[in-house]
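1. after the sequence you'll find the predicted model.
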Number of protein chains: 2
Amino acid sequence: MNQNEILKNILTRRSIRNYTNQQVSEADLQTILEAAVNAPSGMNYQTWHFTAIQNSEKLADLNKHIKGAFAKSEDKHLQDRGNNDSYCCYYHAPTLIIVSNDPSQWWAPMDCACAMQNMFLMATALGIGSCWINQLGTTCDDEDVRAFITSLGVPANHRVYGCVALGYSPENTTLKAKTIKEGLITIVE
Amino acid sequence: MNQNEILKNILTRRSIRNYTNQQVSEADLQTILEAAVNAPSGMNYQTWHFTAIQNSEKLADLNKHIKGAFAKSEDKHLQDRGNNDSYCCYYHAPTLIIVSNDPSQWWAPMDCACAMQNMFLMATALGIGSCWINQLGTTCDDEDVRAFITSLGVPANHRVYGCVALGYSPENTTLKAKTIKEGLITIVE
């Protein structure tokens, strides 16, 4: 295996927050989902579920339900988002993958994160932009949101731990260099 | 970027639970840590810390402290582990990286998992075996364990969310094929 390719893949992944309306192909979506289900999971239980949405009307409906939950919040910042007509929690990406898991195992969020990281890396390798979307993690127990995501296929006993937005950046997008903080590493020899 | 290389890397990663005493080189350890700190983190806060231990005495001491915490547990299974002379929570790997984070952000465990997945993948590309080790996650608040990991360099306000064991498999180790469960994916077109 070419270790330089693997490191380059890891170093060039970025969170993309601006997408064209070009859809991700079915073949690429399948490859990204194959990466997801091959992540490690606690005790190899694989209790997670991946609900991939490529239907723009369903995505718009999902955004509406999430904004509805935000509008009911006591947090002024979330209220403002809920009442902002132009707010789109998934940055108008053409594809969104809801990553959910059975919350009865304490490692459920970490299993989901490993699968999401695999998806971000696979998307990067395919030239597809991606971003971690959190808004469903904090609203999935709102009654309206829950009814909607259940209708999409998210198992009723699952919590959502994150979503992966997927799509293409506009041409000529330049990515900022990532600045790594100092002092994150200690080596004990 | 070669997408087949990236997918192959993701598909060939396995959890390794048997290690030779060949140490991971400093250069490879640095590459694996570079992969870690380039994972995404919530709001790009990078509040995590990576404490890499390559000292076999310190590792043996860590195992002793963890077993001490297990021995005090009310859980019979953990008590048995704590009192089992041959139990080694890190499978005698020559290198262990403690992954910790400030628990005040709810996404702290997921940030750590993304960084850990990057490390597993980078290790795989380097021909180095790896495994997620959980035992410090459940014992890091034991008084003796905490004093010891603080002495190693884990920030006092951090929780440990996992550890990455690193090392080489014995020659002729054959890896089992991974079986992926059915029904993990729903696609909404």
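-> Good, I have the coordinates.
2. pLDDT score assigned to the closest residue to residue A:12 other than its chain neighbours?
-> Counting by CB to CB, 6 or more residues apart in numbering or on different chains, residue A:12 lies nearest to residue A:124, which is 6.0 Å off, once chain neighbours are set aside. The way it works is simple: take the backbone N, C-alpha and C, and place the C-beta from them, glycine included. If you check residue A:124, the pLDDT there is 97.
3. does residue A:124 count as helix, strand or coil?
-> Under the three-state scheme (DSSP: H, G, I helix; E, B strand; the rest coil), residue A:124 adopts helix.
4. can you pull out the low-pLDDT segments for chain A?
-> A:1 (pLDDT under 70).
5. separation between the most centrally placed residue in it and chain B?
-> Among the residues of chain A, residue A:164 comes closest to the average C-alpha position under CA atoms, centre = their mean, at 1.9 Å. Residue A:164 is 11 Å from chain B, where distance means CB to the nearest CB, to the nearest Å.
6. ok, the host helix or strand of that residue: who's next to it in the sheet?
-> Using DSSP states H and E, residue A:164 maps to strand A:159-167. If you go by DSSP bridges, strand A:159-167 pairs up with strand A:95-101 (antiparallel), strand A:129-133 (antiparallel).
7. surely the residue nearest to the centre of chain A meets residue A:91?
-> No: here residue A:164 lies out of contact with residue A:91, judged by CB atoms under 8 Å, at a distance of 11.9 Å.
8. okay, and the common contacts of those two?
-> A:131, A:133 (CB atoms under 8 Å, 6 or more residues apart in numbering or on different chains).
9. hang on, the earlier thing: what's near enough to touch the nearest residue to the residue nearest to the centre of chain A once chain neighbours are set aside?
-> Excluding its sequence neighbours, the residue lying closest to residue A:164 (CB to CB, 6+ apart) is residue A:97, at 4.4 Å. Listed by CB under 8 Å, 6+ apart, the contact set of residue A:97 reads A:32, A:33, A:36, A:50, A:51, A:52, A:53, A:119, A:163, A:164, A:166.
10. how does it look with 7 Å?
-> Residues in contact with residue A:97, defined by CB atoms under 7 Å, 6 or more residues apart in numbering or on different chains, are A:50, A:51, A:52, A:119, A:163, A:164, A:166.
11. tabulate those residues (CSV), appending distance to residue A:74.
-> Putting the contacts of residue A:97 into CSV (distance: CB to CB, whole Å) gives the following:
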residue, distance to residue A:74
A:50, 32
A:51, 29
A:52, 33
A:119, 33
A:163, 24
A:164, 29
A:166, 33
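12. residue B:2: which of those residues is nearest?
-> residue A:119 (17.9 Å; CB to CB).
13. for the closest one, grab phi and psi.
-> For residue A:119, the backbone dihedrals (degrees, to the nearest 10) come out as phi -70, psi -40.
14. and it, how far from residue A:85?
-> 30 Å (CB to CB, to the nearest Å).
15. of these two, who's got more company?
-> residue A:119 (26 against 5; other CB atoms under 10 Å in any protein chain shown).
16. that one contacts residue A:34, doesn't it?
-> No: assessed by CB atoms under 7 Å, residue A:119 is found out of contact with residue A:34, at 9.8 Å.
17. can you name the farthest residue from the center of chain A?
-> Relative to the chain centroid, chain A (CA atoms, centre = their mean) has residue A:189 farthest, 37.3 Å.
18. neighbours of the nearest residue to that residue once chain neighbours are set aside, just the number please.
-> Leaving aside its sequence neighbours, residue A:189 sits nearest to residue B:54 (CB to CB, 6+ apart; 5.4 Å). Using other CB under 10 Å, residue B:54 is surrounded by 18 other residues.
19. which ones are touching residue B:54?
-> Contacts of residue B:54 (CB under 7 Å, 6+ apart): A:188, A:189, B:23, B:94, B:95.
20. contact partners of stretch A:55-66?
-> A:53, A:88-90, A:94, A:96, A:135-136, A:139, A:144-145, A:148, A:152, B:188-189.
21. what about those residues, which are in strands?
-> Taking DSSP state E as the definition of strands, the contacts of stretch A:55-66 contribute A:53, A:96, B:188.
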